[in-house]
Structure formats: C-alpha cells, structure tokens
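Enquirer: Fold the following, please.
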Amino acid sequence: MMLLLFTGVTVGNQAPVVSAGSDVFGTTNIPFTLAGVVTDDGLPSATLSSLWTKISGPGVVTFVDATDPTSDCTIDTPGSYVLQLEGDDTLLQTTDTINVIISDPTSGSLTEDWVYWH
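Expert: So this is what the prediction gives:
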C-alpha cells in the first residue's frame, strides 16, 4: 500500500466572488447606500478592483465612488433600473446585478414598476 501526501498544493486563480446586494426601492434625488461585496483569493497578484455601472434605466445614476461596493448613489428620474457590480482580479471578472425602483415623492403615487413588483 502506498500513501501519497501532497503539501503546498496550490489551486489556480479563481474568479472574484461578487454580490451586488438586495434590490433597492428609493426616491429621486435622495442618496441611498449600495450593499455590494467583492472578495477574491488573492491571485494572480492580490489586486482586486470593483466597479458599479448602470445597465438600464431612464435617468442619470450618480455614484459617490463607483469603485466602492458600498458606495452611496443618487438617481434623478423615477423608474426601473438595473445596476451592475463587477469584481476584477486583473485576470478574471465576475458581475452581479440588482434592480432599483425609484419613485418621485412629488407625484403622490408609486411608479408602475413598483406596483408591478409587489
């Protein structure tokens, strides 16, 4: 019987793990905090970056710091949005998205998208 013992076995670079957080309901021009998380195995170079982007939606999304997974952001127009968080370890990238519903407090009613979701 032969027993093989492996020590110092290294697994190759794994893609970052990205969670954009839960869907958000907000109000026009009132900042809210995103709850993203980006983690990595430290390979290939212990460099990890993240970036929030707007994928869809009718208005302008302003991130305080688009490279911070927990950035505050403001949206200027009511409607339904999709925001994406990307993690990049210089070799591999991973993304996750959240849905954001923005209402206008001056209209006195919820957006059609909010009613649809509930």
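Enquirer: Quickly list what V61 is bridged to.
Expert: For V61, the beta-bridge partners under DSSP bridges are I75.
Enquirer: Helices of this structure, residue ranges please.
Expert: Remark: helices of the chain, listed N- to C-terminal, are 112-117; assignment by DSSP state H.
Enquirer: Touching, A20 and G36? I think so.
Expert: Yes: when contacts are counted by Cβ atoms under 8 Å, A20 is listed as touching G36 (5.1 Å). (C-beta placed from N, C-alpha, C; glycine too.)
Enquirer: what sits in contact with each of these two?
Expert: For the pair A20 and G36, residues contacting each of them under the criterion Cβ atoms under 8 Å, 6 or more residues apart in numbering are L85, D96.
Enquirer: Could you list the low-confidence segments of the chain?
Expert: Applying pLDDT under 70 to the chain flags residues 1-10, 108-118.
Enquirer: try 80 this time
Expert: Along the chain, segments meeting pLDDT under 80 span 1-11, 107-118.
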